[in-house]
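Engineer: no FASTA, just this:
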(Lines give C-alpha, C1' and ligand atoms only; values in the text may rest on other atoms or scores of the structure.)
Protein backbone atom coordinates (compact mmCIF):
# COMPACT_ATOMS: atom_id res chain seq x y z
CA UNK A 1 0.00 0.00 0.00
CA UNK A 2 1.32 3.46 -0.85
CA UNK A 3 0.77 6.15 1.74
CA UNK A 4 -1.29 9.17 0.67
CA UNK A 5 0.13 12.59 -0.13
CA UNK A 6 1.44 14.33 2.97
CA UNK A 7 -1.45 16.02 4.71
CA UNK A 8 -1.11 19.81 4.52
CA UNK A 9 -1.16 21.66 7.82
CA UNK A 10 -2.16 25.06 9.15
CA UNK A 11 -0.08 26.86 11.77
CA UNK A 12 -1.80 27.51 15.08
CA UNK A 13 -0.37 28.79 18.37
CA UNK A 14 1.42 25.76 19.75
CA UNK A 15 1.86 23.71 16.60
CA UNK A 16 0.64 22.61 13.19
CA UNK A 17 -2.83 21.13 12.68
CA UNK A 18 -3.34 18.71 9.76
CA UNK A 19 -6.21 20.02 7.62
CA UNK A 20 -7.79 16.57 7.21
CA UNK A 21 -8.43 14.39 10.22
CA UNK A 22 -10.60 11.58 11.51
CA UNK A 23 -13.69 12.43 13.53
CA UNK A 24 -14.84 9.80 16.04
CA UNK A 25 -18.26 11.05 17.14
CA UNK A 26 -20.67 8.10 17.55
CA UNK A 27 -17.81 5.62 17.06
CA UNK A 28 -17.96 3.27 20.02
CA UNK A 29 -16.03 0.39 21.55
CA UNK A 30 -14.21 -1.89 19.16
CA UNK A 31 -15.50 0.04 16.15
CA UNK A 32 -13.76 3.19 17.38
CA UNK A 33 -10.48 1.40 18.09
CA UNK A 34 -10.51 -0.37 14.72
CA UNK A 35 -11.36 2.83 12.83
CA UNK A 36 -8.55 4.82 14.44
CA UNK A 37 -6.09 1.96 13.93
CA UNK A 38 -7.05 1.65 10.25
CA UNK A 39 -6.89 5.41 9.76
CA UNK A 40 -3.40 5.65 11.23
CA UNK A 41 -2.27 2.76 9.04
CA UNK A 42 -3.66 4.54 5.98
CA UNK A 43 -1.74 7.70 6.81
CA UNK A 44 -4.10 9.87 8.86
CA UNK A 45 -2.18 11.92 11.41
CA UNK A 46 -5.03 13.82 13.09
CA UNK A 47 -7.60 12.19 15.38
CA UNK A 48 -10.49 14.08 16.99
CA UNK A 49 -12.30 12.74 20.05
CA UNK A 50 -14.07 14.17 23.12
CA UNK A 51 -14.73 13.22 26.71
CA UNK A 52 -18.41 13.24 25.78
CA UNK A 53 -17.91 10.64 23.04
CA UNK A 54 -16.95 7.98 25.59
CA UNK A 55 -14.22 6.56 23.34
CA UNK A 56 -10.99 8.17 24.55
CA UNK A 57 -9.70 4.83 25.88
CA UNK A 58 -10.34 3.16 22.52
CA UNK A 59 -8.55 5.97 20.71
CA UNK A 60 -5.67 5.60 23.17
CA UNK A 61 -5.42 1.86 22.53
CA UNK A 62 -5.23 2.48 18.79
CA UNK A 63 -2.49 5.07 19.29
CA UNK A 64 -0.56 2.57 21.41
CA UNK A 65 -1.02 -0.24 18.87
CA UNK A 66 0.39 1.54 15.84
CA UNK A 67 4.15 2.09 15.69
CA UNK A 68 4.03 5.84 15.11
CA UNK A 69 5.86 8.47 17.11
CA UNK A 70 3.37 10.23 19.39
CA UNK A 71 4.56 13.62 18.15
CA UNK A 72 3.58 12.64 14.61
CA UNK A 73 -0.13 12.33 15.49
CA UNK A 74 -2.27 15.37 16.28
CA UNK A 75 -4.73 14.40 19.04
CA UNK A 76 -7.73 16.53 20.02
CA UNK A 77 -10.21 15.99 22.81
CA UNK A 78 -12.86 18.22 24.35
CA UNK A 79 -14.08 19.34 27.76
CA UNK A 80 -17.81 18.78 28.33
CA UNK A 81 -19.65 22.03 29.13
CA UNK A 82 -21.02 20.59 32.38
CA UNK A 83 -17.48 19.98 33.69
CA UNK A 84 -17.06 23.61 34.73
CA UNK A 85 -15.07 23.57 37.97
CA UNK A 86 -13.57 20.16 37.11
CA UNK A 87 -11.46 21.24 34.16
CA UNK A 88 -8.09 19.97 35.39
CA UNK A 89 -9.52 16.70 36.73
CA UNK A 90 -11.20 16.11 33.37
CA UNK A 91 -7.98 16.84 31.50
CA UNK A 92 -5.99 14.40 33.62
CA UNK A 93 -8.66 11.72 33.05
CA UNK A 94 -8.48 12.37 29.29
CA UNK A 95 -4.69 12.11 29.26
CA UNK A 96 -4.85 8.83 31.20
CA UNK A 97 -7.50 7.36 28.89
CA UNK A 98 -5.59 8.41 25.79
CA UNK A 99 -2.31 7.12 27.20
CA UNK A 100 -0.41 10.34 26.53
CA UNK A 101 1.28 13.04 28.60
CA UNK A 102 -0.08 15.89 26.48
CA UNK A 103 -2.82 16.86 24.07
CA UNK A 104 -2.21 18.65 20.81
CA UNK A 105 -5.53 20.47 21.12
CA UNK A 106 -8.07 20.76 23.94
CA UNK A 107 -11.41 22.36 23.19
CA UNK A 108 -14.35 23.56 25.26
CA UNK A 109 -16.99 21.38 23.59
CA UNK A 110 -19.91 23.83 23.92
CA UNK A 111 -20.25 27.16 25.70
CA UNK A 112 -21.17 26.18 29.30
CA UNK A 113 -24.78 27.22 29.96
CA UNK A 114 -24.57 28.89 26.53
CA UNK A 115 -22.15 31.43 28.03
CA UNK A 116 -18.56 32.16 26.96
CA UNK A 117 -17.37 31.36 30.52
CA UNK A 118 -13.92 33.01 30.77
CA UNK A 119 -13.28 31.18 34.06
CA UNK A 120 -13.14 27.87 32.18
CA UNK A 121 -11.05 29.40 29.43
CA UNK A 122 -8.51 30.51 32.05
CA UNK A 123 -8.18 26.85 33.12
CA UNK A 124 -7.38 25.88 29.53
CA UNK A 125 -4.80 28.66 29.33
CA UNK A 126 -3.21 27.37 32.55
CA UNK A 127 -3.08 23.81 31.18
CA UNK A 128 -1.41 25.10 28.03
CA UNK A 129 1.11 27.10 30.05
CA UNK A 130 1.96 23.96 32.05
CA UNK A 131 2.66 22.01 28.86
CA UNK A 132 -0.20 19.56 29.33
CA UNK A 133 -1.81 20.91 26.15
CA UNK A 134 -0.02 22.39 23.16
CA UNK A 135 -2.97 24.34 21.75
CA UNK A 136 -6.36 25.32 23.14
CA UNK A 137 -9.62 26.25 21.50
CA UNK A 138 -13.38 26.13 21.56
CA UNK A 139 -16.22 24.44 19.73
CA UNK A 140 -19.65 25.81 18.82
CA UNK A 141 -18.77 29.33 19.98
CA UNK A 142 -20.05 32.51 18.33
CA UNK A 143 -17.73 35.35 17.34
CA UNK A 144 -19.17 37.43 20.21
CA UNK A 145 -18.30 34.65 22.67
CA UNK A 146 -14.79 34.36 21.26
CA UNK A 147 -14.38 38.11 21.70
CA UNK A 148 -15.48 37.80 25.32
CA UNK A 149 -12.73 35.23 25.96
CA UNK A 150 -10.13 37.43 24.26
CA UNK A 151 -11.25 40.51 26.18
CA UNK A 152 -11.11 38.65 29.50
CA UNK A 153 -7.79 36.86 29.05
CA UNK A 154 -5.89 38.30 26.11
CA UNK A 155 -5.76 34.79 24.64
CA UNK A 156 -7.63 33.89 21.45
CA UNK A 157 -8.72 30.31 20.83
CA UNK A 158 -6.44 28.60 18.32
CA UNK A 159 -9.44 26.82 16.80
CA UNK A 160 -13.23 27.06 16.75
CA UNK A 161 -14.78 23.76 15.74
CA UNK A 162 -18.21 24.36 14.19
CA UNK A 163 -20.52 22.65 11.69
CA UNK A 164 -19.24 23.51 8.22
CA UNK A 165 -20.14 22.41 4.71
CA UNK A 166 -20.89 24.05 1.35
CA UNK A 167 -24.43 24.92 2.48
CA UNK A 168 -22.99 26.56 5.60
CA UNK A 169 -20.42 28.55 3.64
CA UNK A 170 -20.21 32.08 5.01
CA UNK A 171 -17.19 34.12 3.85
CA UNK A 172 -17.88 36.83 6.44
CA UNK A 173 -17.82 34.26 9.25
CA UNK A 174 -14.53 32.80 8.00
CA UNK A 175 -13.06 36.31 7.72
CA UNK A 176 -14.15 37.17 11.27
CA UNK A 177 -12.33 34.12 12.61
CA UNK A 178 -9.21 34.90 10.61
CA UNK A 179 -9.14 38.49 11.81
CA UNK A 180 -8.87 37.06 15.33
CA UNK A 181 -6.26 34.45 14.40
CA UNK A 182 -8.73 31.58 14.91
CA UNK A 183 -8.66 28.56 12.59
CA UNK A 184 -12.09 27.19 11.65
CA UNK A 185 -12.47 23.42 11.94
CA UNK A 186 -15.57 21.98 10.30
CA UNK A 187 -17.53 18.98 11.53
CA UNK A 188 -20.36 17.07 9.83
CA UNK A 189 -19.03 18.16 6.42
CA UNK A 190 -20.79 15.41 4.47
CA UNK A 191 -23.93 14.87 6.51
CA UNK A 192 -24.94 18.49 5.96
CA UNK A 193 -24.29 18.42 2.20
CA UNK A 194 -26.43 17.52 -0.82
CA UNK A 195 -23.86 15.43 -2.64
CA UNK A 196 -26.08 15.47 -5.74
CA UNK A 197 -25.85 19.27 -6.08
CA UNK A 198 -24.80 20.10 -9.64
CA UNK A 199 -21.69 22.07 -8.66
CA UNK A 200 -20.40 19.13 -6.61
CA UNK A 201 -21.39 16.43 -9.09
CA UNK A 202 -19.84 18.33 -12.00
CA UNK A 203 -16.53 18.75 -10.18
CA UNK A 204 -16.52 15.07 -9.21
CA UNK A 205 -16.98 14.02 -12.84
CA UNK A 206 -14.32 16.45 -14.04
CA UNK A 207 -11.70 15.02 -11.66
CA UNK A 208 -12.81 11.38 -11.66
CA UNK A 209 -13.44 11.48 -7.91
CA UNK A 210 -16.45 11.09 -5.63
CA UNK A 211 -18.74 13.93 -4.54
CA UNK A 212 -17.61 13.36 -0.93
CA UNK A 213 -13.98 13.86 -1.98
CA UNK A 214 -14.96 17.10 -3.71
CA UNK A 215 -16.60 18.42 -0.54
CA UNK A 216 -13.58 17.58 1.61
CA UNK A 217 -11.22 19.08 -0.95
CA UNK A 218 -13.34 22.25 -0.96
CA UNK A 219 -12.78 22.56 2.81
CA UNK A 220 -9.04 22.07 2.39
CA UNK A 221 -8.83 24.80 -0.26
CA UNK A 222 -10.67 27.19 2.06
CA UNK A 223 -8.15 26.45 4.85
CA UNK A 224 -11.00 24.97 6.92
CA UNK A 225 -9.78 21.94 8.86
CA UNK A 226 -12.17 19.06 8.21
CA UNK A 227 -12.77 15.92 10.28
CA UNK A 228 -15.11 13.48 8.48
CA UNK A 229 -16.15 10.54 10.62
CA UNK A 230 -16.25 6.96 9.40
CA UNK A 231 -15.60 3.51 10.79
CA UNK A 232 -15.53 1.87 7.34
CA UNK A 233 -12.15 1.14 5.75
CA UNK A 234 -13.23 2.08 2.21
CA UNK A 235 -14.64 5.40 3.43
CA UNK A 236 -11.48 6.17 5.35
CA UNK A 237 -9.50 5.60 2.16
CA UNK A 238 -11.95 7.61 0.07
CA UNK A 239 -11.84 10.59 2.44
CA UNK A 240 -8.05 10.63 2.45
CA UNK A 241 -8.17 10.72 -1.36
CA UNK A 242 -9.37 14.33 -1.10
CA UNK A 243 -5.70 15.28 -0.79
CA UNK A 244 -4.84 13.88 -4.22
CA UNK A 245 -6.35 16.50 -6.55
CA UNK A 246 -7.16 20.21 -6.69
CA UNK A 247 -10.37 22.05 -7.56
CA UNK A 248 -10.18 24.95 -9.98
CA UNK A 249 -11.09 28.45 -8.83
CA UNK A 250 -14.30 28.23 -10.88
CA UNK A 251 -15.26 24.92 -9.28
CA UNK A 252 -14.66 26.33 -5.80
CA UNK A 253 -16.76 29.40 -6.62
CA UNK A 254 -19.64 27.25 -7.93
CA UNK A 255 -19.62 25.22 -4.69
CA UNK A 256 -19.36 28.42 -2.63
CA UNK A 257 -22.59 29.56 -4.26
CA UNK A 258 -24.46 26.74 -2.49
CA UNK A 259 -23.92 28.53 0.82
CA UNK A 260 -25.50 31.24 2.93
CA UNK A 261 -22.96 33.90 2.21
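Structural biologist: Yes, it's here. Predicted model, so just to flag it, every value in this text is computed and none were measured.
Engineer: Tell me where the protein has strands.
Structural biologist: Here the chain has its strands, by DSSP state E, at 9-12, 15-18, 22-23, 46-48, 74-79, 103-108, 133-139, 159-163, 183-187, 225-226.
Engineer: wait, which of those is closest to residue 204?
Structural biologist: strand 225-226 (16.6 Å; C-beta to C-beta). Bear in mind the C-beta positions are built from the backbone N, C-alpha and C, glycine included.
Engineer: So which elements touch that closest one?
Structural biologist: Counting contacts by 3 or more C-beta pairs under 8 Å, 6 or more residues apart in numbering; DSSP states H and E, strand 225-226 is packed against strand 183-187, helix 211-221.
Engineer: wait, isn't residue 134 in contact with residue 127?
Structural biologist: No: assessed by C-beta atoms under 8 Å, residue 134 is found out of contact with residue 127, at 10.1 Å.
Engineer: Pipe the strands of the chain into TSV and attach mean neighbour count per row.
Structural biologist: Shown next, in TSV, are these (neighbours: other C-beta atoms under 10 Å):
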stretch	mean neighbour count
strand 9-12	16
strand 15-18	19
strand 22-23	26
strand 46-48	25
strand 74-79	26
strand 103-108	26
strand 133-139	25
strand 159-163	21
strand 183-187	24
strand 225-226	28
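Engineer: how about a markdown table for the ones you listed, with mean pLDDT added?
Structural biologist: Converted to a markdown table, the strands of the chain look like this (pLDDT from 0 to 100):
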| stretch | mean pLDDT |
| --- | --- |
| strand 9-12 | 97 |
| strand 15-18 | 96 |
| strand 22-23 | 95 |
| strand 46-48 | 96 |
| strand 74-79 | 98 |
| strand 103-108 | 98 |
| strand 133-139 | 98 |
| strand 159-163 | 98 |
| strand 183-187 | 97 |
| strand 225-226 | 98 |
